[in-house]
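Visitor: no sequence on this one, just coordinates:
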């Protein structure tokens with residue numbers, strides 16, 4: 001009965017939101033203040049270099065969740081205490097993304113990307129050498145600081161390499177590194193952690209960071225920051241649509257993390273998968289994410305808002321289904337693939353932020369990843385609450401679905417506010433001219 005009631009709430013909020021969407025075509029218009037640049041070896045190699053950075057970051061972020069039991073055993077700490085290293089990384093992302101992009105706004109983008117990857121590689125190598133829990137906590141915070149700024153600058157750089165009507169696809173290709181991490185990087189890191197110890201994982205991630213620095217230096221042209229200044233970038237915080245879009249991400253995507261944070265114990269204790277098979281099932285999630293990233297770029301170039309709305313509906317359904325599919329290995333695998341497809345929303349929200357940010361592009365693009373890490377923390381907390389209340393690990397699926405529904409409601413608010421603003425604009429203009 002509780003599940004039927006939850007589904008009814010999800011359906012109701014979706015219907016309320018879609019009411020605001022009929023005139024979406026008049027407000028779903030790209031804003032293109034970016035200057036087109038030409039890569040010395042073409043856009044493809046430049047995007048690949050940026051995507052390798054995403055592979056490094058994705059492997060480091062997600063693998064630290066899957067190997068947390070190994071870290072706990074190695075350092076002699078409890079699993080909940082070890083979970084704080086994930087929170088430390090997320091805190092670094094949330095703090096670092098706006099601060100770096102605001103106060104280093106004038107630095108050329110290629111130099112910025114190299115500097116960010118240098119800091120990321122240093123943080124991961126320091127993690128591998130950390131002799132105790134306290135230093136590991138500090139090292140993970142340092143590793144997280146460049147995360148959001150890197151993806152923000154990388155997205156803007158990729159968008160500047162292609163025509164305006166193809167920039168969402170370019171962003172999606174750069175984000176492929178993050179999704180491919182869940183196919184190869186995270187399973188490989190999980191196996192490395194089990195066989196060679198958790199320090200090997202951070203050494204691998206640090207090496208990928210160094211490889212990214214080399215690729216960026218070779219394949220990207222020098223790209224000036226344009227007229228970016230700290231004052232101009234700070235202007236993004238005065239834009240209501242930026243805050244609403246970030247809220248959609250933080251709440252709506254918290255659903256995925258409500259399930260993902262507890263995916264390993266769910267697969268072991270509910271699905272009853274053998275430990276060595278867990279990385280294979282995580283690979284199914286990664287395949288879905290990769291497909292979603294490619295599909296999402298194409299869809300977002302057609303309509304940002306409809307893509308976000310559609311994928312939030314998809315996420316709500318896939319997450320709710322996991323409450324049932326997790327009982328069987330085959331259905332759980334298919335469901336994980338479906339959940340991964342939900343990542344198709346990323347190119348849409350990234351370019352949506354570019355559209356509503358005006359000339360404060362860099363900070364807005366970076367704040368996207370701060371919002372995703374807030375979603376990480378929110379989802380992990382919400383999932384932990386239902387598990388602690390005794391509803392079982394499979395109940396995280398319903399928790400995630402309700403969070404996705406919350407994102408749909410917030411998107412409806414964003415569309416309604418923007419539509420009202422556009423409708424009042426001409427009226428204001430007419431009254432002014434009549435005066």
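Guide: Now that the structure is in, tell me what you want to look at. Values in this document were obtained by computation on a predicted structure and should not be read as measured data.
Visitor: so where's the stretch 51-200 of the chain uncertain?
Guide: Filtered on pLDDT under 70, the stretch 51-200 of the chain yields the residue ranges 79-80.
Visitor: that one: helices as residue ranges?
Guide: Applying DSSP state H, counting those that start in this stretch to the stretch 51-200 of the chain gives helices spanning 68-75, 79-82, 84-103, 109-129, 133-144, 147-160, 167-180, 186-195, 198-219.
Visitor: same list (those) but as TSV, adding distance to residue 305.
Guide: C-beta coordinates here come from the backbone N, C-alpha and C atoms, glycine included. Converted to TSV, the helices of the stretch 51-200 of the chain look like this (distance: least, CB to CB, whole Å):
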stretch	distance to residue 305
helix 68-75	37
helix 79-82	39
helix 84-103	24
helix 109-129	28
helix 133-144	30
helix 147-160	18
helix 167-180	12
helix 186-195	31
helix 198-219	32
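Visitor: adding mean neighbour count and distance to residue 51, write the ones you listed out as CSV.
Guide: Putting these into CSV (neighbours: other CB atoms under 10 Å; distance: least, CB to CB, whole Å) gives the following:
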stretch, mean neighbour count, distance to residue 51
helix 68-75, 18, 26
helix 79-82, 14, 30
helix 84-103, 22, 19
helix 109-129, 22, 12
helix 133-144, 21, 19
helix 147-160, 28, 9
helix 167-180, 27, 4
helix 186-195, 20, 16
helix 198-219, 21, 9
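Visitor: which among those is found nearest to residue 264?
Guide: helix 68-75 (7.8 Å; CB to CB).
Visitor: ok, residues contacting the closest one?
Guide: Contact partners of helix 68-75, identified using CB atoms under 8 Å, 6 or more residues apart in numbering, comprise 64, 77-79, 81-83, 85-86, 132-133, 136, 193-194, 197-198, 264.
Visitor: repeat the analysis, applying 10 Å as the threshold.
Guide: For helix 68-75, the surrounding residues in contact (CB atoms under 10 Å, 6 or more residues apart in numbering) are 64, 67, 77-83, 85-86, 127, 130-134, 136, 190, 192-194, 197-199, 201-202, 261, 264-265, 275.
Visitor: relative to residue 308, which of the helices of the stretch 51-200 of the chain is closest?
Guide: helix 167-180 (11.6 Å).
Visitor: tell me the helices and strands packed up against that closest one.
Guide: For helix 167-180, the elements it packs on are helix 43-66, helix 147-160, helix 278-302, helix 345-356, judged by 3 or more CB pairs under 10 Å, 6 or more residues apart in numbering; DSSP states H and E.
Visitor: as TSV, those helices with distance to residue 220 would be great.
Guide: Below are those laid out as TSV (distance: least, CB to CB, whole Å):
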stretch	distance to residue 220
helix 43-66	5
helix 147-160	7
helix 278-302	20
helix 345-356	19
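Visitor: closest one to residue 382 among these?
Guide: helix 43-66 (15.9 Å).
Visitor: now the closest one: how far from the chain's centre is it?
Guide: Centroid separation between helix 43-66 and its chain, computed with CA atoms, centre = their mean, to the nearest Å, is 12 Å.
Visitor: what angle do it and helix 278-302 make?
Guide: With axes from the mean of the first three to the mean of the last three CA atoms, to 10 degrees defining the directions, helix 43-66 sits at 140 degrees from helix 278-302.
Visitor: quick check: buried residues in helix 43-66?
Guide: Neighbour-count burial for helix 43-66, counted by 16 or more other CB atoms under 10 Å, picks out 43, 46-66.
Visitor: ok so, going back, among the helices of the stretch 51-200 of the chain, which comes closest to residue 235?
Guide: helix 84-103 (10.4 Å).
Visitor: pLDDT weak spots in the stretch 301-435 of the chain?
Guide: 359, 425-435.
Visitor: secondary structure class of the most centrally placed residue in the chain, three-state.
Guide: By CA atoms, centre = their mean, the chain has its centre lying nearest to residue 372, at 4.7 Å. Look at residue 372: counting by DSSP: H, G, I helix; E, B strand; the rest coil, its state is helix.
Visitor: do I have it right that it meets residue 248?
Guide: No. Using CB atoms under 10 Å, residue 372 makes no contact with residue 248, being 11.3 Å away.
Visitor: can you list residues touching both of these two?
Guide: Counting by CB under 10 Å, 6+ apart, the shared contacts of residue 372 and residue 248 are residue 349.
Visitor: who are the contact partners of residue 397?
Guide: Residue 397 touches 3, 255, 258-259, 266, 318-326, 335, 339, 383, 386, counting by CB under 10 Å, 6+ apart.
Visitor: separate out the buried members of the residues you listed.
Guide: Neighbour counting with 16+ other CB under 10 Å marks 255, 258-259, 266, 318-323, 325-326, 335, 339, 383, 386 as buried within the contacts of residue 397.
Visitor: so of the residues you listed, which ones are in helices?
Guide: Cross-referencing the buried ones among the contacts of residue 397 against helices under DSSP state H gives 255, 258-259, 266, 318-323, 325, 335, 339, 383, 386.
Visitor: wait, which of those is closest to residue 162?
Guide: residue 339 (29.1 Å).
Visitor: please list all residues in contact with the closest residue to residue 146 other than its chain neighbours.
Guide: Nearest residue to residue 146, sequence neighbours excluded (CB to CB, 6 or more residues apart in numbering): residue 116, at 3.9 Å. By CB under 10 Å, 6+ apart, residue 116 lies in contact with 53, 57, 96, 100, 104, 107, 145-154, 209, 212-213, 216.
Visitor: check contacts around the nearest residue to residue 316 once chain neighbours are set aside.
Guide: Leaving aside its chain neighbours, residue 316 sits nearest to residue 404 (3.9 Å; criterion: CB to CB, 6+ apart). Shown here is residue 404, whose contacts under the criterion CB under 10 Å, 6+ apart are 10, 13-14, 251-256, 258, 311-320, 342.
Visitor: change it to 7 Å
Guide: 252, 255, 312, 315, 316, 319 (CB atoms under 7 Å, 6 or more residues apart in numbering).
Visitor: please, which helix or strand holds it?
Guide: Per DSSP states H and E, residue 404 falls inside helix 396-434.
Visitor: so that helix versus helix 345-356, what angle?
Guide: In terms of direction (the same axes, to 10 degrees), helix 396-434 departs from helix 345-356 by 20 degrees.
Visitor: how about helix 396-434: buried residues?
Guide: Quick answer for helix 396-434 (16+ other CB under 10 Å): 396-412, 414-415, 418-419.
Visitor: the closest residue to residue 340 other than its chain neighbours: neighbour count?
Guide: The shortest distance from residue 340 to any non-neighbouring residue, by CB to CB, 6+ apart, is to residue 288 (2.3 Å). Per other CB atoms under 10 Å, the neighbour tally for residue 288 reads 25.
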